[in-house]
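[1] Next one to model:
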Amino acid sequence: MTKNFRALLILVLALAMSVMAACSGAESGADAGSSSDGGKESGDEKLKIGLTVGTLANPFFVAMGKGATEAGEALGAEVLVESAEYDLAKQTSQIENFITKNVDVILLNAVDTKGIAAAVQQAKAAGIPVIAVDTEAEGGVDATVTSDNYQAGKLAGEYVIEQLGGKGNIAIIDGPPVSAVTDRIQGFEDTIKKSDIKVVAKQNGEGSREKALTVMEGILQANPSGSIDAVFAINDPEAIGVEIAQQQADRQNEFFVVGVDGAPEATEAMAKEGSTFVATSAQSPGNMIKKAVEVGMKVKDGEKVEELIKVPVKLVTQESLDSYQGW
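    Next comes the predicted model:
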């Protein structure tokens, strides 16, 4: 073998080894890149947010569900919205299903502030943040985002006092045993204590138009014409039910009705000529739930948050309807 041929063979072998090394490095890099991409996909697994509300028969909670969906879309999250129909057992089951589905955050509009505690504890034991929305919930929730419900009742009370000149007889249509309702009632009753207004009837309308209508029919039968000057209902569906009962009893000229929520159906009713539904303490369910989603994600990421966040409300009257933007 000549010297030149031997040198050429060495050069060829060296080149071959270089090519093999380069290919091996490329394959290793490809494997590393594949592993990194796989890790990214795992880290970017779609978020899941569970929301359970009192009832989707109430437009307020429909607006809340819509707000949660919009907030979820912005995060690229799947949002599961459930209606508990004011049934504690049903809502408990919904939370258990959220736990099974391994949601990242649970947003809870409790149908029973105390009764839901055990379900909240289950979620917390599973490591899932729970944010109470619109009303408080026991069991160790991470935060509560709610309208200022005491303020809602206070504004309604101040309006009633102003319209009645500080004296008269009224009825109160109460609601489910949750903090949002009790706070509204407390705010209203604390306010009218400063006047000569007397509560002649107080019954539970269960938060619905149909039940409030039935309850108000009974109140009207028990109290003769001319004996009621105003009615405070804890939400707008109840207020509409009260007005229907009033119309059916042909007692439209006797009293006016004040509600809470600022719902589209309420503003439509208030805008009708001759309507006795004259005012509502307006909330913002969409903004409230979006704030709750934001707080829930902070808790999920290990950030500290305020335990109680109150969203202000404002009184909307027939006179101010044109300037009210609604939900």
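[2] alpha carbons only for contacts and neighbour counts from here, please
    Fine.
[3] Tell me how many other residues crowd Leu47.
    Neighbours of Leu47 under the rule other C-alpha atoms under 10 Å: 16.
[4] pLDDT value on it, please?
    According to the prediction, Leu47 has pLDDT 97.
[5] Please name the nearest non-neighbouring residue to it.
    Spatial nearest neighbour of Leu47, excluding adjacent residues (C-alpha to C-alpha, 6 or more residues apart in numbering): Ala77 at 4.5 Å.
[6] mind checking how far that neighbour is from Ser323?
    Ala77 is 34 Å from Ser323, where distance means C-alpha to C-alpha, to the nearest Å.
[7] more crowded one of these two?
    A count of neighbours by other C-alpha under 10 Å puts Ala77 above the other of Ala77 and Ser323, at 17 against 8.
[8] May I ask you to confirm that the more buried one is in contact with Glu45?
    No: using C-alpha atoms under 8 Å, Ala77 is not in contact with Glu45; the gap is 9.3 Å.
[9] for the stretch 101-250 of the chain, what spans make up the strands?
    105-108, 130-133, 143-147, 167-174, 196-204, 230-233 (DSSP state E, counting those that start in this stretch).
[10] which outside residues touch the first one?
    Okay, so that is strand 105-108. Here strand 105-108 makes contact (C-alpha atoms under 8 Å, 6 or more residues apart in numbering) with 48-53, 95, 98, 128-133, 137, 292-293, 296-297, 300.
[11] Likewise for the last one?
    Under the criterion C-alpha under 8 Å, 6+ apart, residues 156, 160, 169-174, 239, 255-260 lie in contact with strand 230-233.
[12] Apply 6 Å and report the result again.
    Strand 230-233 is contacted from outside by Ile170, Ala171, Ile172, Ile173, Ala239, Phe255, Phe256, Val257, Val258, Gly259, using C-alpha atoms under 6 Å, 6 or more residues apart in numbering.
[13] model confidence over that strand, on average?
    98.
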